[in-house]
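S.K.: Structure of the sequence below:
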Amino acid sequence: MQMRWAGLVTLMAICLPAWADEHGSKQTVPAPLKAGAAKHGGQPPREATTGPKPKAITPPTTAEIDASIRRGIEYLLKSQHKDGSWGSANSSRPPTAEVNAPVPGAHQAFKAAVTAMCIEALMETGGNDPQVLQAIDRAEVWLFQRLPHVRRPTPREMYNVWTHGYGLQCLLKMLDRKPEDAARQEKINEMIKQQIDLLRRYEVVSGGWAYYEFGARTQPPSWTSMSFCTCAILVALHDARERGFDVPQPMIDKAIESVLRQRRPDFSILYAETHIYKPMKEVNRPMGSLGRSQAANFAMRIWGDKLVTDEVIKTWLDRLFARQLWVEIGRKRPVPHEAWAKVAGYFYYFGHYYAARCIELLPEKDRPHFQDQLAHLIIPLQEKDGSWWDFPIYDYHQAYGTAFALMTLQRTRKVGS
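M.R.: Sure thing, here's the model as predicted:
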């Protein structure tokens, strides 16, 4: 029966008509999203559009936002290694307190992922600053050499899926640099195709992606997906398809189905599909899902989910700001999920980055309220050295935290500012 259903889904995906978004690009609405919208009559559940409102704030000025961005850029410039990369396996914590990261594969994955993120952040925020352009050039050389060789570290750890996702997102942005360099463009195109194929290979059998394999440790992975990991990768794959790259529809359909299975009626998102029979655990309820739901709303919306309306996006943005303490309480805690609602520190800048991406989906006139709230949160958290970080992990946390924060703040700058 499952094989018949999978075949039917694939057939529907092939036959579905294309739709055009507000930017005029055409794509096929994945079959699972059409089925989900039809099931709910094309309208999101009431619970997904009802929530708390944040208090009024005094928003930062454009000058304050720009100054914070500049300090973040300066941090990345001074923390870049001579070989062009960011991050390392160095740790100030006892080995027993660190995340399990088998050498060398785990650190190859971490380093390539954070380097890709830093490149993307500098491309978005650095403009034509000669120092920034030189830093990007050095990092690009390193990434071209190392990214193609990142693989699954062990049968259990699969940190490489983050690398393929953020590496892909970075490579797509790189296409806009030096378009006149045909050899460089061809190299990037081949690397993009490789990253897409690696994501196909590492998708779990039930759909989506996870960075651990606690099942039979097979290839393809036999364990279940993690919602936030899956949504981040879906965003990168959508960008790839928009650029004209071949992204296998069955891979997308399976991943979207996994997210929909994990989405509660109020649009909270389960931590992982292993939680499907315990949806009322605190980590799966709104206070535990504040960061994950931003990524899920963004990913599902850009792939064509009609249930993720502007009202859903606004409701969850307001909830993030109004219930900020739930994500803030986990920030900088050294043990994952030790905070209330099992919130892990690494959800902080991840969640706010995708919140910024959600704001971009709203009509321009509706954005300022959310941009102001977001900038008001991020700027005061900048460290004295110009960095941001939320979860200590070897020497990678300041690099990825700063990259996320810079790309977040860039989206709080209003049109024309």
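S.K.: Is the residue most central in space within the chain inside a helix or a strand, and which specific one?
M.R.: For the chain, Ala232 is the residue whose C-alpha lies nearest the centre (C-alpha atoms, centre = their mean; 3.5 Å). Secondary structure from DSSP states H and E places Ala232 in helix 227-242.
S.K.: I'd like the next helix or strand past that helix.
M.R.: Per DSSP H and E, the first helix or strand lying C-terminal to helix 227-242 is helix 249-262.
S.K.: still on that earlier bit, what's the helix holding Ala232 packed up against?
M.R.: In terms of contacts (3 or more C-beta pairs under 8 Å, 6 or more residues apart in numbering; DSSP states H and E), helix 227-242 is packed against helix 160-174, helix 182-202, helix 249-262, helix 286-302, helix 347-361. C-beta: built from backbone N, CA, C; applies to glycine.
S.K.: rewinding a little: which residues sit in contact with the residue nearest to the centre of the chain?
M.R.: Counting by C-beta atoms under 8 Å, 6 or more residues apart in numbering, Ala232 makes contact with Trp162, Gly165, Tyr166, Ala295, Ala299, Phe350, Tyr354.
S.K.: what's the pLDDT at Val327?
M.R.: What the model reports for Val327 is a pLDDT of 97.
S.K.: So what's the residue count around it?
M.R.: Around Val327 there are 27 other residues, counting by other C-beta atoms under 10 Å.
S.K.: Tell me how far it lies from Lys39.
M.R.: Noted for Val327: a distance of 31 Å to Lys39, by C-beta to C-beta, to the nearest Å.
S.K.: Isn't Ile359 up against Leu374?
M.R.: Yes - if you go by C-beta atoms under 8 Å, Ile359 and Leu374 touch, sitting 7.1 Å apart.
S.K.: Overlap in contacts, these two.
M.R.: Here Ile359 and Leu374 have Arg411, Thr412 as joint contacts, going by C-beta under 8 Å, 6+ apart.
S.K.: Spit out the contact partners of the residue nearest to Ala344 when sequence neighbours are not counted.
M.R.: Once flanking residues are discounted, Ala344 sits nearest to Pro336: 4.2 Å by C-beta to C-beta, 6 or more residues apart in numbering. Contacts here follow C-beta under 8 Å, 6+ apart; on that basis Pro336 touches Val99, Ala344, Gly345, Tyr346, Phe391.
S.K.: Check for me that Pro336 belongs to a strand.
M.R.: No - checked against DSSP: H, G, I helix; E, B strand; the rest coil, Pro336 lies outside a strand; its state is coil.
S.K.: Quickly note the distance from it to Val29.
M.R.: To Val29, Pro336 is 35 Å away according to C-beta to C-beta.
S.K.: and what of Thr96?
M.R.: Separation of Thr96 from Val29 (C-beta to C-beta) stands at 48 Å.
S.K.: so what pLDDT did Ile359 get?
M.R.: Looking at Ile359, its pLDDT is 98.
S.K.: What is the neighbour count of it?
M.R.: Look at Ile359: counted by other C-beta under 10 Å, it has 24 neighbours.
S.K.: wait, what's in contact with Gln294?
M.R.: Shown in contact with Gln294 (C-beta under 8 Å, 6+ apart): Trp316, Leu317, Leu320, Gly351, His352, Tyr354, Ala355, Arg357, Cys358.
S.K.: And Gly167, how far from Ile378?
M.R.: Distance, Gly167 to Ile378, using C-beta to C-beta: 25 Å.
S.K.: So between the two, which is more surrounded?
M.R.: Neighbour totals were compared for Gly167 and Ile378, and Gly167 leads with 31 against 25 (other C-beta under 10 Å).
S.K.: Spatially nearest residue to that one, not counting backbone neighbours?
M.R.: In this structure, Gly167 finds its nearest non-sequential neighbour in Ala116, 4.6 Å apart by C-beta to C-beta, 6+ apart.
S.K.: what's around Tyr211, how many residues?
M.R.: The tally of other residues near Tyr211 (other C-beta under 10 Å) stands at 19.
S.K.: That one contacts Trp162, correct?
M.R.: Yes - Tyr211 sits in contact with Trp162 when judged by C-beta under 8 Å, with a separation of 6.3 Å.
S.K.: and the helix or strand the residue nearest to Gly167 falls within, C-alpha only, in CSV?
M.R.: For Ala116, the element it lies in under DSSP H and E is helix 105-125. Listed next in CSV are the C-alpha coordinates belonging to helix 105-125 (Å, rounded to 0.1, in the frame of the first residue of the first chain):
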residue,chain,number,x,y,z
GLY,A,105,34.8,13.8,9.5
ALA,A,106,32.7,15.8,12.0
HIS,A,107,35.1,18.7,12.1
GLN,A,108,35.5,18.7,8.3
ALA,A,109,31.7,19.1,8.1
PHE,A,110,31.5,21.7,10.8
LYS,A,111,34.3,23.8,9.4
ALA,A,112,33.0,23.7,5.8
ALA,A,113,29.4,24.6,7.0
VAL,A,114,30.5,27.6,9.1
THR,A,115,32.8,28.8,6.3
ALA,A,116,30.0,28.7,3.8
MET,A,117,27.8,30.6,6.2
CYS,A,118,30.4,33.3,6.8
ILE,A,119,31.0,33.7,3.0
GLU,A,120,27.2,34.1,2.5
ALA,A,121,27.0,36.7,5.4
LEU,A,122,29.9,38.7,3.9
MET,A,123,28.4,38.6,0.5
GLU,A,124,25.1,39.9,1.8
THR,A,125,26.4,42.6,4.1
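S.K.: ok, then the element right after it?
M.R.: Next element after helix 105-125 (DSSP H and E): helix 130-146.
S.K.: how distant is that following helix from the center of its chain?
M.R.: How far helix 130-146 lies from its chain's middle: 22 Å, per C-alpha atoms, centre = their mean, to the nearest Å.
S.K.: List the buried residues of it.
M.R.: For helix 130-146, the neighbour count (16 or more other C-beta atoms under 10 Å) marks Val132, Ala135, Ile136, Arg138, Ala139, Glu140, Trp142, Leu143, Phe144, Arg146 as buried.
S.K.: Done for today, thanks.
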